[in-house]
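Colleague: okay, predicted coordinates and the sequence, questions at the end:
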Amino acid sequence: MHERLEAIVSGRVQVVMYRDFVQRKASGLSLTGFVRNLRDGTVRVVAEGTRGNLEKLLERLHQGSLLSKVESVVPAWKPATGEFSSFVISYE
């Protein structure tokens, strides 16, 4: 059964390859969804897949990329919608 993880990540997470890091980790875990920079300096992650793989991604969100410094990750668990076909970096 698939679930949905929505997370807001704060710290030094923009312009440090964090979105690329998340995209590679999520794709490697067969998750779908997106990662996006927000105007307030945080990063939003929406991922769908199995609970186990989402929990692995959540651990990696706390680690971050080599140049990032994650201060907090605020997760929310929701039912999956099935709206995504892959995991992408969103530029909206």
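Modeller: In hand now; what should we look at?
Colleague: would you map the strands across the chain?
Modeller: 2-12, 32-37, 43-50, 69-79, 87-90 (DSSP state E).
Colleague: how about the contacts made by residue 31?
Modeller: Counting by Cβ atoms under 8 Å, 6 or more residues apart in numbering, residue 31 touches 47, 48, 49, 53, 54, 57, 87. For glycine as for every other residue, the C-beta is placed from the backbone atoms N, C-alpha and C.
Colleague: cool, residue 32 as well?
Modeller: 26, 47, 48, 49, 84, 85, 86, 87.
Colleague: let's see it at 6 Å
Modeller: 48, 84, 86, 87 (Cβ atoms under 6 Å, 6 or more residues apart in numbering).
Colleague: show the pLDDT at the last one.
Modeller: So that's residue 87. You'll see residue 87 listed with a pLDDT of 98.
Colleague: just to revisit the earlier point, now tabulate the contacts of residue 31 in a markdown table and tack on distance to residue 73 and neighbour count.
Modeller: As requested, the contacts of residue 31 are exported to a markdown table (distance: Cβ to Cβ, whole Å; neighbours: other Cβ atoms under 10 Å):
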| residue | distance to residue 73 | neighbour count |
| --- | --- | --- |
| 47 | 12 | 26 |
| 48 | 17 | 23 |
| 49 | 17 | 22 |
| 53 | 16 | 20 |
| 54 | 13 | 23 |
| 57 | 10 | 23 |
| 87 | 17 | 25 |
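Colleague: which of those sits closest to residue 1?
Modeller: Closest approach between the contacts of residue 31 and residue 1, by Cβ to Cβ: residue 49, at 10.2 Å.
Colleague: any idea how far that closest one is from residue 42?
Modeller: 22 Å (Cβ to Cβ, to the nearest Å).
Colleague: try residue 16
Modeller: Residue 16 is 13 Å from residue 42, by Cβ to Cβ.
Colleague: what residues does stretch 62-79 touch?
Modeller: Contacts of stretch 62-79 (Cβ under 6 Å, 6+ apart): 4-13, 16-18, 21, 58, 61.
Colleague: quick check: mean pLDDT of the top helix by length along the chain?
Modeller: Longest helix of the chain, by residue count under DSSP state H: helix 51-63. Taken as a whole, helix 51-63 carries a mean pLDDT of 98.
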